[in-house]
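Student: heads up, no residue letters with this:
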């Protein structure tokens, strides 16, 4: 395994691996040690105490980050008739109201970030589960991506404004982007706080003991920085 380069080594030398940083301090340090020649994505990784094998210990929810994600979000909508027209007017990038696009997705095309559907289109969506499911693109009522026709515009607006879906993976972890390294420290901090509070609000009733065990913030090329999960700004 190749060793990390000098810039990475210089960055990691500034991080105290044994310290739990306050959220604001962690964000400021992350910006300080960023060295990539591109606008890195900032991510949060949470280790939970949940058992993902238990149906009553699942988490799947959404949060709209106050400062967005720093990228344009491509939204695909499954709708027909007036709902399809409303989706176009609201700024949907692709509206699936023909078999041509369905066939294209069935063949593996997934060049979009969020998929939204009206309930009457879920039969069509179900046929695409093998393509959409593994990529986390399957519309779901709990995630706010299966909506009535009169809610299409709001769902599209939320998706493009920085709506982030988060869910527990098979290893009891949650991973999400919260912005770009070019954001100000305040913008990233506000996004981090909003996300963490949303996760705490989504805590399953069956969760017991230490719900959030570890929180790490990192950039695409940066070493991880441990955040104190009990920082008062991150608790309800």
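Tutor: Nice, thanks for sending it over. Remember, predicted model here, so these are calculated numbers, not experimental data.

Student: In the protein, where is pLDDT below threshold?
Tutor: Counting by pLDDT under 70, the chain contains low-confidence ranges at 1-3, 236.

Student: As a check, name the ranges of all helices in it.
Tutor: Along the chain, counting by DSSP state H, helices occupy 6-12, 23-33, 81-89, 99-106, 122-126, 129-132, 152-162, 185-201.

Student: need these in JSON lines with mean neighbour count and distance to residue 46, can you?
Tutor: All C-beta atoms are positioned from the backbone trio N, CA, C, and that covers glycine. JSON lines is the format used below for the helices of the chain (neighbours: other C-beta atoms under 10 Å; distance: least, C-beta to C-beta, whole Å):
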{"stretch": "helix 6-12", "mean neighbour count": "14", "distance to residue 46": "21"}
{"stretch": "helix 23-33", "mean neighbour count": "20", "distance to residue 46": "13"}
{"stretch": "helix 81-89", "mean neighbour count": "17", "distance to residue 46": "33"}
{"stretch": "helix 99-106", "mean neighbour count": "14", "distance to residue 46": "31"}
{"stretch": "helix 122-126", "mean neighbour count": "15", "distance to residue 46": "29"}
{"stretch": "helix 129-132", "mean neighbour count": "13", "distance to residue 46": "24"}
{"stretch": "helix 152-162", "mean neighbour count": "20", "distance to residue 46": "19"}
{"stretch": "helix 185-201", "mean neighbour count": "19", "distance to residue 46": "6"}
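
Student: Looking at the ones you listed, which is nearest to residue 216?
Tutor: Nearest to residue 216 among the helices of the chain is helix 23-33; the distance by C-beta to C-beta comes to 8.8 Å.

Student: which secondary structure elements does that closest one contact?
Tutor: When contacts are defined as 3 or more C-beta pairs under 8 Å, 6 or more residues apart in numbering; DSSP states H and E, helix 23-33 packs onto helix 185-201, strand 212-219, strand 225-227.

Student: Let me have the ones you listed in a markdown table, adding distance to residue 63 as columns.
Tutor: Shown next, in a markdown table, are these (distance: least, C-beta to C-beta, whole Å):
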| stretch | distance to residue 63 |
| --- | --- |
| helix 185-201 | 4 |
| strand 212-219 | 15 |
| strand 225-227 | 17 |
